[in-house]
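> Turn this into a model:
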Amino acid sequence: MLRNLASSGAPALAEDALRAPRDEMGSAENRRPHTPNVRRPEPSALTVEAASGARLSELHSDWEDLLARADTANAFMNPALIGLARQFYPARNCCALLAWRSDGPRPRLVGVWAFAIDRAWRSGIPVSMLIAPPMPHGYLASPVIDRGCLDNVLEAMLAHISGDKTLPKIVSLESMSADSATMAALRRALAARRSPSRVFAEWLRPKLASDLDGKSYLERALSSPSRKKLRQHRRRLADKGALRLGVVAEVETVRRTFEDFLTLEAAGWKGRRRTALLSHAPDANFARAMIAALAAEGRVHIYALSLDAKPLSMQIVLRAGRAAFTWKTAYDESLGDFSPGMLLLEDYTAAFLADAGIGYVDSCTFNDSSYMAAWTERAAMARLWFDARPGRSPVFALLSRLQALKLTLRRCAKAIYHSPLLRWR
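Numbers count the residues shown, from 1 in each chain. Down below sits the predicted model:
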């Protein structure tokens, strides 16, 4: 059963995913849950390295061990995926900071935080920064850190970034978990160093975290008319042929099924807008390699609702520790009137809730407007920049103000474009 990691009932939706930026990330400290006192290792027992290439491929067992101790799981920080990102996106110069604790019989991995060295998301500023998550189609920037030494690891990582002449000093976190102990520890580390930071957006995205079984959960999450309509859709589809839910996890089957997913995704609106994985060869090639690598670790499942063996809707689910991530979804738009995406959501919601190995599910959505908003729990997210160097930073102040201005102008242009006054166009 899923642990109840969020309050039951859907909280009010975020008013605006791109709210006006706020300075001083630490000002919200008193709204965050208290982190219990834990024994912190001596600073001398921690070392941080910037790893790449072959080094990342050696860390499978260390990564699995860390996930069992981590405050926040993140499939997009898997060292194997960072190595693949370096291979398929060489221009992004992906790297990972690894924190090791050496006060035991052997060094123990206590932190992983991966970045690309690139321009920030939605920024025309021609300045390279450390960007997390490091690869396109990654949806969580949070580092994976041993919950017993969050503060020390983050302090050591910030010190490493500040002192490494090969790394940019300004960090851009595109989708950071804002209500975690890891975020609270980052605030404390930045405050202790007097490092400047700026939050550009805060929003909520759906998550699944409940002790209910699938039937009880869906009865609460969906209205009676919605459930009735979905039952009608399911019956009408069953009248057309054999309607079946399939779940694949075996390596070769996952490979073949993922090709079906790529084709289905490209045939829909994502293909028309050129945001489908097949629209860009590096994205498709990276995704294939990523899925194969995670399948070899047993860390990817593909859920598919099919009609006479033809996929109606498909969901790619990544795993990291006890967390699951609904990474990508696609459906047959020719049968869109039957709500195939919602039918599949009913099925995999029940499957997730019945899986004792899953603690919670991250929807990986950009906002709260997708059909996954049917899930009643919410995760608080934030987009922010900070300067890893201690003390005031005129450069950071200038760049963050320019970024805030650009986002404000973008919001204004979008509002004008959608204004009723322009409907004549």
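
> doesn't Leu84 make contact with Phe286?
Yes. With contact defined as C-beta atoms under 8 Å, Phe286 counts as touching Leu84 (6.1 Å). In this view, the C-beta of every residue, glycine as well, is placed from N, C-alpha and C.

> centre of the chain versus stretch 327-342, how much separation?
22 Å (C-alpha atoms, centre = their mean, to the nearest Å).

> What's the mean pLDDT across it?
For stretch 327-342, mean pLDDT is 96.

> now do stretch 57-75
Mean predicted lDDT for stretch 57-75 stands at 95.

> Between the two ends of it, how far is it?
Using C-alpha to C-alpha, to the nearest Å, the end-to-end distance of stretch 57-75 comes out at 15 Å.

> Buried ones in that stretch, by neighbour count?
Leu59, Asp62, Trp63, Leu66, Leu67, Arg69, Ala70, Asp71, Thr72, Ala73, Asn74, Ala75 (16 or more other C-beta atoms under 10 Å).

> and the two most separated of these?
Leu59 and Asp71 (18.8 Å; C-beta to C-beta).

> Quick one: low-confidence residue ranges for the protein.
Scanning the chain for pLDDT under 70 picks out 1-44, 418-425.

> domain assignment for it?
For the chain, the structural domains run 22-206+381-420, 214-358, going by automatic domain parsing.

> ranges for the helices of the protein?
Using DSSP state H, the helices of the chain run over 54-57, 60-67, 79-88, 150-163, 181-193, 214-221, 224-240, 251-266, 269-272, 281-296, 340-354, 394-417.

> The second one packs against which elements?
It refers to helix 60-67. helix 79-88, strand 108-118 (3 or more C-beta pairs under 8 Å, 6 or more residues apart in numbering; DSSP states H and E).

> for those, which one sits closest to Leu204?
Using C-beta to C-beta, the nearest of the helices and strands packed on helix 60-67 to Leu204 is strand 108-118, at 23.8 Å.

> State the number of residues packed around Asp368.
Residues within reach of Asp368, counting by other C-beta atoms under 10 Å, total 21.

> Output the helices of the chain in a markdown table, with distance to Thr326 appended to each entry.
Formatted as a markdown table, the helices of the chain follow (distance: least, C-beta to C-beta, whole Å):
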| stretch | distance to Thr326 |
| --- | --- |
| helix 54-57 | 25 |
| helix 60-67 | 18 |
| helix 79-88 | 17 |
| helix 150-163 | 27 |
| helix 181-193 | 21 |
| helix 214-221 | 15 |
| helix 224-240 | 18 |
| helix 251-266 | 13 |
| helix 269-272 | 16 |
| helix 281-296 | 14 |
| helix 340-354 | 8 |
| helix 394-417 | 27 |
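
> Nearest to His137, out of these?
helix 281-296 (6.6 Å).

> what comes up buried for that closest one?
Residues of helix 281-296 classed as buried by neighbour count (16+ other C-beta under 10 Å): 282-284, 286-295.

> do stretch 360-368 as well
Using 16+ other C-beta under 10 Å as the test for burial, stretch 360-368 gives Tyr360, Val361, Asp362, Ser363, Cys364, Thr365, Asn367, Asp368.

> Tell me which residues are up against stretch 381-400.
21, 25, 120-121, 125, 127, 129, 158, 161-162, 169-178, 183, 190, 193-205, 403 (C-beta atoms under 8 Å, 6 or more residues apart in numbering).

> State the separation between it and the centre of the chain it belongs to.
22 Å.

> again, but for stretch 315-322
11 Å.

> Likewise for stretch 160-173?
Distance, centroid of stretch 160-173 to centroid of chain: 22 Å (C-alpha atoms, centre = their mean).

> So what touches that stretch?
48, 50, 95, 97, 115, 117, 120-121, 123, 127-132, 141, 382-390, 393, 395-396, 399.

> Stretch 255-266 too?
248, 271, 276-279, 284, 287-288, 291-292, 295, 302, 304, 311, 314, 316, 328, 330-332.

> Could I have the buried ones of those residues as ChimeraX selection syntax?
To isolate the buried ones among the contacts of stretch 255-266 in ChimeraX, judged by 16+ other C-beta under 10 Å, type:
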select :248,271,276,277,278,284,287,288,291,292,295,302,304,311,314,316,328,330,331,332
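
> Just the buried ones from the contacts of stretch 160-173, in ChimeraX syntax?
Buried subset of those, written as a ChimeraX selection, criterion 16+ other C-beta under 10 Å:
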select :48,95,97,115,117,120,123,129,130,131,132,141,382,383,384,385,386,387,388,389,393,396,399
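
> among the contacts of stretch 160-173, which are in strands?
Using DSSP state E, the subset of the contacts of stretch 160-173 located in strands is 48, 50, 95, 97, 115, 117, 129-132, 382-387.

> Compare the domains of the chain and report which one is nearest to Ala374.
The nearest among those, by C-beta to C-beta, is domain 214-358 at 5.2 Å.

> gap between the two ends of the closest one?
First-to-last residue span, domain 214-358, C-alpha to C-alpha: 14 Å.

> Ok, stretch 70-82 next?
18 Å.

> for stretch 368-375, same thing?
For stretch 368-375, the first and last residues are 10 Å from each other (C-alpha to C-alpha).

> buried set for it?
Asp368, Ser370, Tyr371, Met372, Ala373, Ala374, Trp375.

> my guess is the fifth one contacts Lys207, does it?
No. At 10.9 Å, Ala373 and Lys207 do not qualify as touching, with contact defined as C-beta under 8 Å.
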